[in-house]
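>>> The sequence isn't on hand, but the structure is:
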């Protein structure tokens, strides 16, 4: 019976204590006409067999141990120190739940508080929550916060087209029942074009940093323009890039959200990932999700507890601004351990490795006949390559050589046909990059 | 604040210049960094690897967890999390698989998701399932958005009311608001069921044409099977509304009843409850949604379907890839230049079949992602919390048809056993058999100063995680107890003994309870201070 | 009846606000019963002075550690003053709900809705029944 420990004898004793003859009698309130249907499921399997099956299924995938990966587009292959996984495998962390009982949850509470603190340090904000589902939903929730800050009197949300296409889709999914306008991302507008759209009906403007194309725009005038219009500036930021680039706080952002998967969470076919959410503390009562704060216990000992609870759905019910309950707590722990290990110097070094390797690859590819890299703006670890053949064809050829190539931008942006978004991280050794360049060169 | 923490903050145990990890030297020519864009300060800790390990190990020891003991947190289904699932999740083919890998290179993952969709559908009686919701709350959101769009497409966009019993979990009403609809709250009767008079009044009165649907938890949040559920469903359907089942309590239903067969139109599953994926100190969850034919076109996407055999690949330079990978997975990372055209079905061989899994054909079909025709859209980036899907897959695979049936049977047995044993000492408000959980009143007529919270805190001293407190809201001093099927009779008996001892202490020494816990790492916390002073971040201040 | 104070000269709403009338200016706060039920109040927030409210509109919100309550104005009019001192010391609401804990002043366009509210004895009876 796998994980069910009952012996036949114990079951009989328990039925006796309840006063029934059989377990079936306990289901009397379920409609008799529908009771005890047969389930067409496979038969039970031993752990040994399941382990073998899982291995076989997993090996039917093209994964990073067998392939060189040059694909990012919202999910990044980075080095994860062994410590992260070992801490994650502690049952004390992963088999606990939300710290509703702080007296016996100080481990989760403090680790989450430290996560909040380190995310604040990275983003230049002074408040953060304990996580959202992923980068896309953290942006969707930022829209809600901006609408709340504007007390729903402002109905316009401006999104840059250079925000991850799936994130923008999720924003639209989340807000389809609301009377708001989401504009700005249907064209190819630059930052200055977005600024033109600001008015007294604008609740927020969001840009990605670095943007979906890996590039960093000049954002110096943006924050003032947004604030002059009385709106909030939301930045979707790759936390790995914040290891070396100016923090969004320094650039005047009010809310910083994004995907913290690069910080210690494996690719994992897209989830579970880690949506982070940081904000200027003056707005913290508008945000969703768990928030951990420091306080004292009855003996005056410093300790941690979930705070600002009345914002949440279990207390505020239909008046809550979000229904989030379960979050990505374990992934926040990953990020916490990762950031603690990398620390001030290590994270900067990873960031620089990404920068140098990506630029090396870009420069080499740019020299190839038929290829050109968009160098019009600074970039971090992703860049756009214009290619001499359809991207599908190029990726097919790369795959045959054990290389997973760039993301086909034409799939989301009509004007970017034959352009791929390549990603180079610290995981790509020089030989791997050279091999990529060589294969591409053979396809010109 | 002057006193020390149990474990110092990570920021307070470092030293300037200390490194936690060695990184390789840069093996490419360096380029100049764009000075104007660079940050000056990065206020992260500077801690060594050993210190980091000890820091988090010490923190972990301040937690209570399922691996330590019984965790009867009602409505959260804190069952044992099988270790094999953790191993499986860490296989390189899953953990190191990029979400935007071409479908031909992710057939294993797609196959697994497709099987899981099918099994979840079978367990609950729904023909279509989407795995994309990241948690139960997101599944609810998807469900209500589907209902909303369904009415709009039928020209009945005026249907903007969702009925929600007052016993509902807070996510239900919050979901309705998020979807831009309004809640019509329904009272419960003295049996803990929906008040049928109120339901009929709502569905047959002047609001009839505005009823979009109803959200209801089965068994209810009180752990009780709604004995009038068929009438509830018929009443709402008659008014033109659709029925949403909150599947948080699915652990009481597997092979007991199929929600789809009862007439529900849509429900969500909590893979982190019913299907044992770990709760992770708050998450991740996974909240698949199942629907009937009416709502299938509206599912959030992408979902996995068997798709037509893809056209042959474009000829490309390089060696022709082998079509079947080695079974042992014994490839290594230096082995560049090998192919990718693999199928999980061929690699698994033909011995995987049996039961409902389906027969493996020699020429396997290909699995692909599909966006349902009228989808409410994408709920998150990529395809859901895949790491939870694979754990749920392994869980269902281990148990199989008979085991899944037993999960529910023994979960219900354990709950009823505890309930029977505790009835002598505590007030149990509803005199009938419960499902997988039950509620009791955490107060005593002859010990008025003792509250449910005090009982909960005292349970910690006896080595147990407390039940859920003060939920459902309709029972005074509620303690919602859910033992799950993975507890032994001995563990349950110890819990009963602790609860009996506490009831006795409540009369003899109420102060002992009010001051509890006494043996936990910290005592009760000043939540007022936390909310007023708002210390949310300990990072050194940054220049703005 | 419980041991809460209910001054005789005020009008009371079922949502636990009190209303004091001086000419066309209505001062609004929450009752002693309400502050006791909420327990330690940790946060208050009001709409801005100069905002208009309709009868039945929310003019702000009050929070304890376990609850959040909207505050409703029974009269329509313009908010002419808010007691912003409460934002820094919300505990005043627990200590002196009818005095220093007043919340907003509204210049009412119509005082008639106040007639439909409860008087002190009506409110006491209402609280007793809850």
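Looks like it arrived, so ask away. Just so it is clear, the model here is predicted, and its values are computed rather than measured. Numbers count the residues shown, from 1 in each chain, chains lettered A, B, ... in the order given.

>>> who touches whatever residue of chain C ends up closest to chain A in this structure?
Chain A sits closest to residue C:68 of chain C, with a gap of 3.6 Å, by CB to the nearest CB. For glycine as for every other residue, the C-beta is placed from the backbone atoms N, C-alpha and C. Residue C:68 makes contacts with A:310-311, A:315-316, A:319, C:61-62, as judged by CB atoms under 8 Å, 6 or more residues apart in numbering or on different chains.

>>> Filter those down to just the ones in strands.
C:61-62 (DSSP state E).

>>> so which of the contacts of residue C:68 is the most crowded?
Highest neighbour count within these, by other CB atoms under 10 Å in any protein chain shown: residue C:62, with 25 neighbours.

>>> Phi, psi for residue 97 please.
In the absence of a named chain, chain A is used. phi -120, psi -170 (degrees, to the nearest 10).

>>> Residue B:101 now?
Backbone phi and psi, for residue B:101 under degrees, to the nearest 10, turn out to be phi -60, psi 140.

>>> The residue lying closest to it once chain neighbours are set aside and residue A:408: what is the separation?
Spatially, and ignoring its direct neighbours in sequence, residue B:101 is nearest to residue A:62 (5.5 Å; CB to CB, 6 or more residues apart in numbering or on different chains). As for residue A:62, its distance to residue A:408 is 16 Å (criterion: CB to CB, to the nearest Å).

>>> do the same with residue A:356
From residue A:356 to residue A:408 the distance is 26 Å (CB to CB).

>>> Neighbour count: these two, which is higher?
Using other CB under 10 Å, the more surrounded residue of residue A:356 and residue A:408 is residue A:408, with 24 against 21.

>>> how about that one, what does it touch?
A:391-392, A:395, A:420.

>>> between those residues, which has the most around it?
Counting by other CB under 10 Å, top hit in these: residue A:420 with 27 neighbours.

>>> Backbone dihedrals for it, please?
According to degrees, to the nearest 10, residue A:420 has phi -120, psi 150.

>>> Show me the beta-bridge partners of it.
residue A:385, residue A:408 (DSSP bridges).

>>> What's the separation between it and chain B?
Distance of residue A:420 to chain B, given as CB to the nearest CB, to the nearest Å: 12 Å.

>>> ok, and which of the contacts of residue C:68 reach chain B?
Residues of the contacts of residue C:68 in contact with chain B (CB under 8 Å from any CB of the partner chain): A:315-316, A:319.

>>> Distance to chain C added to those residues, as TSV?
Putting the ones next to chain B among the contacts of residue C:68 into TSV (distance: CB to the nearest CB, whole Å) gives the following:
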residue	distance to chain C
A:315	6
A:316	5
A:319	7
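
>>> what's around the closest residue to residue A:105 other than its chain neighbours, how many residues?
Closest residue to residue A:105 apart from its sequence neighbours, by CB to CB, 6+ apart: residue A:99 at 3.3 Å. Around residue A:99 there are 26 other residues, counting by other CB under 10 Å.

>>> same deal with the one 10 residues further on?
Here the number of neighbours of residue A:109 (other CB under 10 Å) works out to 27.

>>> Does residue B:268 fall in a helix, a strand, or a coil region?
strand (DSSP: H, G, I helix; E, B strand; the rest coil).

>>> Does the nearest residue to it once chain neighbours are set aside belong to a helix, a strand or coil?
What sits nearest to residue B:268 in space, not counting adjacent residues and going by CB to CB, 6+ apart, is residue B:139, at 2.8 Å. When classified by three-state DSSP, residue B:139 comes out as helix.

>>> Count the neighbours of residue B:139 for me.
Residues near residue B:139, counting by other CB under 10 Å: 34.

>>> Might you report the residue contacts of the most centrally placed residue in chain C?
Nearest to the mean C-alpha position of chain C, counting by CA atoms, centre = their mean, stands residue C:29 at 2.5 Å. Applying CB under 8 Å, 6+ apart, we find residue C:29 in contact with C:17-18, C:93, C:97-98, C:101-103.

>>> Check the offset of the helix or strand bottoming out on mean pLDDT in chain A from the chain's centre.
Within chain A, no helix or strand scores below helix A:313-316, which has a mean of 88 by mean pLDDT, DSSP states H and E. Centroid displacement of helix A:313-316 relative to its chain, using CA atoms, centre = their mean, to the nearest Å, is 25 Å.

>>> Could you name the helices and strands sitting against the next helix-or-strand element following it?
Following helix A:313-316 in sequence order, the next helix or strand is helix A:329-366 (DSSP states H and E). If contacts are counted by 3 or more CB pairs under 8 Å, 6 or more residues apart in numbering or on different chains; DSSP states H and E, helix A:329-366 sits against helix A:82-88, helix A:91-94, helix A:106-123, strand A:372-373, strand A:382-386, strand A:419-423, helix A:430-441, helix B:49-60.

>>> hmm, try it at 7 Å
With contacts taken as 3 or more CB pairs under 7 Å, 6 or more residues apart in numbering or on different chains; DSSP states H and E, helix A:329-366 sits against helix A:82-88, helix A:91-94, helix A:106-123, strand A:372-373, strand A:382-386, helix A:430-441, helix B:49-60.

>>> So the last one, near chain A or not?
So that's helix B:49-60. Yes: Helix B:49-60 is in contact with chain A by CB under 7 Å from any CB of the partner chain, via B:49, B:52-53, B:56, B:59-60.

>>> next structured bit after the helix or strand hosting residue A:169?
Applying DSSP H and E as the criterion places residue A:169 in helix A:165-174. The C-terminal neighbour of helix A:165-174 among helices and strands, as given by DSSP H and E, is strand A:181-183.

>>> Please enumerate residues in contact with that next one?
A:155-159, A:171-172, A:175, A:197 (CB atoms under 7 Å, 6 or more residues apart in numbering or on different chains).

>>> and of those, the nearest to residue C:124?
Among these, residue A:155 lies closest to residue C:124 (CB to CB), at 44.3 Å.

>>> For that closest one, which non-adjacent residue is spatially closest?
Per CB to CB, 6+ apart, closest to residue A:155 is residue A:180, 4.9 Å.

>>> State the pLDDT value of the one you found.
pLDDT, residue A:180: 96.

>>> which ones are touching it?
A:147, A:155, A:157.

>>> Quick one: distance of the helix or strand the residue nearest to the centre of chain C falls within to the chain centre.
Assigned by DSSP H and E, residue C:29 belongs to strand C:25-30. Centroid displacement of strand C:25-30 relative to its chain, using CA atoms, centre = their mean, is 6 Å.
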